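K.L.:
Take a look and give me a structure for this.
(2 chains)
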Amino acid sequence: NAGVTQTPKFRVLKTGQSMTLLCAQDMNHEYMYWYRQDPGMGLRLIHYSVGEGTTAKGEVPDGYNVSRLKKQNFLLGLESAAPSQTSVYFCASSDVYNEQFFGPGTRLTVL
Amino acid sequence: KNEVEQSPQNLTAQEGEFITINCSYSVGISALHWLQQHPGGGIVSLFMLSSGKKKHGRLIATINIQEKHSSLHITASHPRDSAVYICAGLSYNTDKLIFGTGTRLQVFP
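P.N.:
Below is the predicted model of the structure:
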């Protein structure tokens, strides 16, 4: 099993560009999450999903959109990237109330 | 004040030393997670506990619900234990994880 995978691993964008980060899991987990990690701060939840076709806002949702059209995939979109969105993005998945399994991360730089 | 706080922020040790990392929380939680993040970024779940103590190899995690405190211990530390250790509480109110800012551990040979 691959676990949780993320693509791409690295990306550099210019301000105003758009992009989509893809997260895929092969563990049949119901719950999926997108976090961002910034220096000196704990991981912060951007959006999450409790099942196929559902999404909900987390702690820092502004500037991001998500979709969960298939149970195994959770997409994070940036419609108009800003330098404040420079961060490392982690996807995670879990069964209800169980440990979360994290992807390897995507390092995004917005110039 | 962060809802989940860790101490120390940075920790250095000599190989073989016993290491303790502390986590205190100020919110109601139903479980506490300990995670490990190696240089290069990957995050791995070490423990999830809601009471008592759990052990896996050289790692031991404890939690005291009344004192709202958890500790992660590493016995006979090794340079490969060098990583950032993160604690996270699963909030009663939101069912979401609240993360500490991590403890950076370096173990020297």
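K.L.:
CA only for contacts and neighbour counts going forward, please
P.N.:
Noted.
K.L.:
Tell me the secondary structure of the residue in chain B positioned nearest to chain A, please.
P.N.:
Nearest to chain A, among the residues of chain B, is B:T101, at 4.2 Å (Cα to the nearest Cα). Under DSSP: H, G, I helix; E, B strand; the rest coil, B:T101 falls in the coil class.
K.L.:
Could I get the pLDDT score of it?
P.N.:
pLDDT, B:T101: 93.
K.L.:
Skip the chain neighbours and tell me the closest residue to it.
P.N.:
Computed as Cα to Cα, 6 or more residues apart in numbering or on different chains, the closest residue to B:T101 that is not its neighbour in sequence is A:G42, at 4.2 Å.
K.L.:
what's the helix or strand for that neighbour?
P.N.:
Using DSSP states H and E, A:G42 maps to neither a helix nor a strand.
K.L.:
what about residue 29, how many neighbours?
P.N.:
Let's take chain A. 18 (other Cα atoms under 10 Å in any protein chain shown).
K.L.:
other chain: chain B
P.N.:
When neighbours are counted by other Cα under 10 Å, B:I29 comes out with 21.
K.L.:
ok, now which ones touch it?
P.N.:
Residues near B:I29 by Cα atoms under 8 Å, 6 or more residues apart in numbering or on different chains: B:G89, B:L90, B:S91, B:Y92.
K.L.:
distance between whichever strand or helix holds B:L46 and the chain's centre?
P.N.:
Per DSSP H and E, B:L46 falls inside strand B:43-49. Put simply, strand B:43-49 sits 8 Å off its chain's centre (Cα atoms, centre = their mean, to the nearest Å).
K.L.:
avg pLDDT for it?
P.N.:
Rounded mean pLDDT across strand B:43-49 is 93.
K.L.:
How about residues contacting that strand?
P.N.:
A:98-104, B:31-37, B:54, B:61-63.
K.L.:
strand partners of that strand, parallel vs antiparallel please.
P.N.:
Paired with strand B:43-49 in the same sheet, following DSSP bridges, are strand B:29-37 (antiparallel).
K.L.:
Please save the CA atoms from the partner strand in CSV.
P.N.:
Once non-C-alpha atoms are left out, strand B:29-37 reads as follows in CSV (Å, rounded to 0.1, in the frame of the first residue of the first chain):
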residue,chain,number,x,y,z
ILE,B,29,-9.6,16.6,24.7
SER,B,30,-10.7,13.0,24.0
ALA,B,31,-7.3,11.8,22.9
LEU,B,32,-3.7,12.9,22.6
HIS,B,33,-1.4,12.2,19.7
TRP,B,34,2.3,12.1,19.5
LEU,B,35,3.8,12.6,16.0
GLN,B,36,7.4,12.5,14.7
GLN,B,37,8.6,14.6,11.8
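K.L.:
Which residues of chain A lie near chain B?
P.N.:
A:40-44, A:97-105 (Cα under 8 Å from any Cα of the partner chain).
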